[in-house]
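Q: Build the 3D model from these lines:
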Amino acid sequence: MVSSRGVHVDGEKFRQMRQACGLTQEEASSRSGYSDRLIRKLERGGPVDLQTANDVFQTYEMLSHFSLSLSDVLRQEAGKSNVETLVRRWFDGIFNQRDLSLIDELVDENVELFAEGSTIRGRTAIRQRVESILQAFNPLNLTVDYVVCDGNQAVAYWSVTKKHIGTFAGIAATGRWVKIKGSSFAIFEDGRIMQARDHWDVQDLIEQLVRPEA
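A: Numbers count the residues shown, from 1 in each chain. Here you go, the predicted model:
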């Protein structure tokens with residue numbers, strides 16, 4: 001359930017995920033970057049900020065494989081909203097249709113994006129990042145599996161299949177097809193992305209590109 005104070009979660013499922021990772025509450029706190037008080041609050045069912053719930057969920061997901069998705073641990077998944085429409089438009093328009101004009105429309109000039117362990121700022125930096133991805137992979141077919149919304153915030157879970165045709169992460173074109181899954185968190189203001197955070201396994205992608213042919 002989503003309220004003005006945040007989202008309510010299934011605390012028992014969060015506890016089970018933590019234990020499946022072999023973590024104490026204190027260790028989960030250290031791994032996720034949140035306080036152990038927050039971990040206890042999650043396991044009591046919240047309410048917590050949607051991004052917080054997603055960050056801790058992603059921490060557990062990186063440590064152990066689960067069949068659960070974020071929507072499974074929310075008490076009630078939010079329905080479709082204008083924010084979801086914007087999120088889906090972003091992914092389909094930018095990556096599937098390669099329409100970079102949407103960057104000016106959907107991204108704030110002072111946007112902040114945390115991805116691959118660093119923060120980039122500004123619309124120009126976002127454009128450069130998107131261009132580097134599109135130049136390195138073509139075709140690129142991205143599917144938004146589902147979106148969870150809370151007011152002006154959203155988490156999108158996506159999967160992508162793409163062909164490596166240009167240098168990426170220092171790796172020259174291999175001609176290989178790769179598949180990855182990830183999630184993106186975004187905060188919107190006046191219809192534009194103000195803050196965003198991407199979660200995906202960079203090392204898995206690199207291994208797919210450099211792994212010796214069978």
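Q: For this protein, which segments are assigned as helices?
A: Under the criterion DSSP state H, helices of the chain are mapped to 11-20, 25-32, 36-43, 50-63, 70-73, 82-91, 101-106, 123-136, 202-210.
Q: Residue 175 is in contact with residue 162, correct?
A: No. Taking contacts as Cβ atoms under 8 Å, residue 162 lies outside contact range of residue 175: 11.8 Å. (Each C-beta comes from the backbone N, C-alpha and C, glycine too.)
Q: List the contacts of the nearest residue to residue 131 once chain neighbours are set aside.
A: With sequence-adjacent residues excluded and distances taken as Cβ to Cβ, 6 or more residues apart in numbering, residue 131 is closest to residue 100, at 7.2 Å. Listed by Cβ atoms under 8 Å, 6 or more residues apart in numbering, the contact set of residue 100 reads 94, 127, 130-131.
Q: Just give the nearest non-adjacent residue to residue 205, would you?
A: Per Cβ to Cβ, 6+ apart, closest to residue 205 is residue 180, 5.5 Å.
Q: so how far is residue 16 from that neighbour?
A: 26 Å (Cβ to Cβ, to the nearest Å).
Q: now swap in residue 6 and tell me
A: On the measure of Cβ to Cβ, residue 6 and residue 16 end up 21 Å apart.
Q: Between those two, tell me which one has more neighbours.
A: residue 6 (20 against 16; other Cβ atoms under 10 Å).
Q: which phi and psi does the nearest residue to the more buried one once chain neighbours are set aside have?
A: What sits nearest to residue 6 in space, not counting adjacent residues and going by Cβ to Cβ, 6+ apart, is residue 47, at 3.7 Å. Main-chain dihedrals, residue 47, degrees, to the nearest 10: phi -80, psi 150.
Q: So residue 47 is in contact with residue 53, correct?
A: No. Contact criterion Cβ under 8 Å: residue 47 and residue 53 do not qualify, at 9.3 Å.
Q: how about the closest residue to residue 206 other than its chain neighbours, what does it touch?
A: Leaving aside its chain neighbours, residue 206 sits nearest to residue 169 (6.2 Å; criterion: Cβ to Cβ, 6+ apart). For residue 169, the contacting residues are 202, 205-206, by Cβ under 8 Å, 6+ apart.
Q: Can you flag the buried ones in these?
A: residue 205 (16 or more other Cβ atoms under 10 Å).
Q: Nearest to residue 29, out of the contacts of residue 169: which one, please.
A: residue 202 (24.1 Å; Cβ to Cβ).
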